[in-house]
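K.L.:
Let's see this in three dimensions:
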Amino acid sequence: MDVLIKSADLEVKKNKIVVPYHTKKEVDEGLITSGGGATNSSVGFARMGLKSGCVALVGEDNLAGYIKDDLKKEKVESMVIGEDGGMTDYSVILIGRDGGRTIFTNRGKTRLEEENIDWEKIKETKWFYITSLEGNMELLEKLVGLAMEENIEIALNPGSRELKEQNRLRELLPQIDFLLLNREEAEFLMGREIEDEKFFEEIIKTKAKIVGITDGKEGSYLITATNKLFSPAINMKPIDETGAGDAFGSGVVGALFYEKKLDEALFWGAKNAGNVVGFIGAKKGLLNYIEISK
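P.N.:
Numbers count the residues shown, from 1 in each chain. Just a heads-up that it's a prediction; the model follows:
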């Protein structure tokens, strides 16, 4: 669950959001909505006319019911599993005047485990879109193995804990059809900054079929063994940057599903992300098929 707060009293000073201590301030605009990479991406696919299911673990509390209802409204097939007595993860997101944000996240006991998944059910899909698994590399390895057996294509947007398992993660990358990273994640995984002339050579060496890199207002890339495509950011005056990466990823994979060319896939990703940052929250600005394909 995401709780987003925007207020004129949230000042940005020296790259920090600052608010006076021992005060009560007004919220100018706020939103409470389902969040996280899994729900954001699955809704993105559903908006584009794809049959989409969300596999995630939630607690057994009021927040869990809200998330399930939210997915149902978006026509996402919910494979969200509740945990007995657990608390649903939530984030409080403070949005600065420039659209940047600081996120406080509470992670409960809702790490997805192998026994939570209906393995026969998920074989029915054509794509896996895997977001953060909170460091569960055993599960990631099993998902990749199943995808290889069943000829399922794989998109992977790893979380920070998966990225820390660099050796195990790199072994899987040759099987990944679309790898999505933001700039900081890509620099960490490659061990060099994006300005380094060998940075993109290192990206190609991962052997992931397509690598997407998002860099906020600086734009985004799609890289293959033979192409390096760049798109500038489409919305240069964002209201809220929350969910931009998820929107980019779902836009790119949606285009690939519809068998669009690589340059059009990049455009779909950039356009989806650019529209999302024009609204508060990660879902309101997600585009439908007609809107994104114009």
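K.L.:
could you pull out the strands for the stretch 1-150 of the chain?
P.N.:
2-6, 11-13, 16-18, 29-33, 53-58, 77-82, 90-95, 101-106, 127-130 (DSSP state E, counting those that start in this stretch).
K.L.:
mind checking which of those is nearest residue 241?
P.N.:
strand 101-106 (5.9 Å; C-beta to C-beta). Just so you know, the C-beta spots here come from the backbone N, C-alpha and C atoms, and that holds for glycine as well.
K.L.:
ok, the closest one: who's next to it in the sheet?
P.N.:
Strand pairing for strand 101-106, determined by DSSP bridges: strand 90-95 (antiparallel).
K.L.:
So which residues make contact with the partner strand?
P.N.:
1-6, 10, 17, 35, 63, 101-106, 239-240, 242, 280 (C-beta atoms under 8 Å, 6 or more residues apart in numbering).
K.L.:
now these: which count as buried?
P.N.:
Buried members of those, scored by 16 or more other C-beta atoms under 10 Å, are 1-2, 4-6, 10, 35, 63, 101, 239-240, 242, 280.
K.L.:
Between the residues you listed, which sits nearest residue 213?
P.N.:
Closest to residue 213, out of all of the buried ones among the contacts of strand 90-95 and judged by C-beta to C-beta, is residue 242, at 18.9 Å.
K.L.:
OK, contacts around the nearest residue to the closest one once chain neighbours are set aside?
P.N.:
Distance criterion C-beta to C-beta, 6 or more residues apart in numbering; nearest residue to residue 242, sequence neighbours excluded, is residue 282 at 5.1 Å. By C-beta under 8 Å, 6+ apart, residue 282 lies in contact with 2, 33, 35, 40, 242, 243, 246, 247, 276.
K.L.:
Burial check on the closest residue to the fourth one other than its chain neighbours, number of neighbours?
P.N.:
Spelled out, it's residue 40. The shortest distance from residue 40 to any non-neighbouring residue, by C-beta to C-beta, 6+ apart, is to residue 246 (3.8 Å). Using other C-beta atoms under 10 Å, residue 246 has 29 other residues around it.
K.L.:
Same question for the one 5 residues further on.
P.N.:
The number of residues packed near residue 251 is 29, by other C-beta under 10 Å.
K.L.:
did I read that right, it in a helix?
P.N.:
Yes: assigned with DSSP: H, G, I helix; E, B strand; the rest coil, residue 251 falls within a helix.
K.L.:
what's it in contact with, if anything?
P.N.:
By C-beta under 8 Å, 6+ apart, the neighbours of residue 251 are 44, 48, 265, 268, 269, 270, 271, 272, 273, 287, 292.
K.L.:
Give me the pLDDT for the second one.
P.N.:
Note for residue 48: predicted pLDDT of 98.
K.L.:
That one reaches residue 291, doesn't it?
P.N.:
No: Residue 48 is beyond contact range of residue 291, at 9.2 Å (criterion: C-beta atoms under 8 Å).
K.L.:
out of those two, which sits in the busier spot?
P.N.:
Between residue 48 and residue 291, counting by other C-beta under 10 Å, residue 48 is the more crowded of the two (25 against 13).
K.L.:
now the more buried one, nearest residue through space, not along the chain?
P.N.:
residue 254 is the one closest to residue 48 (C-beta to C-beta, 6+ apart), at 4.3 Å.
K.L.:
Now the helix or strand harbouring the one you found: average pLDDT?
P.N.:
Element membership of residue 254, judged by DSSP states H and E, is helix 244-257. Across helix 244-257, pLDDT averages out at 98.
K.L.:
how about the residue most central in space within the chain, what does it touch?
P.N.:
Centroid-nearest residue in the chain: residue 246, 3.1 Å away (criterion: C-alpha atoms, centre = their mean). Residue 246 is in contact with 37, 40, 41, 44, 131, 157, 282, counting by C-beta under 8 Å, 6+ apart.
K.L.:
The third one contacts residue 250, doesn't it?
P.N.:
Put plainly, it is residue 41. Yes: counting by C-beta under 8 Å, residue 41 does reach residue 250; the two are 4.8 Å apart.
K.L.:
so what's in contact with those two at the same time?
P.N.:
residue 129.
K.L.:
With neighbour numbers in mind, choose between the two.
P.N.:
For residue 41 versus residue 250, the count of surrounding residues by other C-beta under 10 Å is larger for residue 250: 35 against 29.
K.L.:
could you list every residue that touches the more buried one?
P.N.:
40, 41, 44, 45, 48, 129, 272, 286 are the contacts of residue 250 under C-beta under 8 Å, 6+ apart.
K.L.:
residues in contact with the residue nearest to it when sequence neighbours are not counted?
P.N.:
Of all residues not flanking residue 250 in the chain, residue 44 sits nearest, at 3.0 Å (C-beta to C-beta, 6+ apart). By C-beta under 8 Å, 6+ apart, the contact set of residue 44 is 246, 247, 249, 250, 251, 254, 272, 286.
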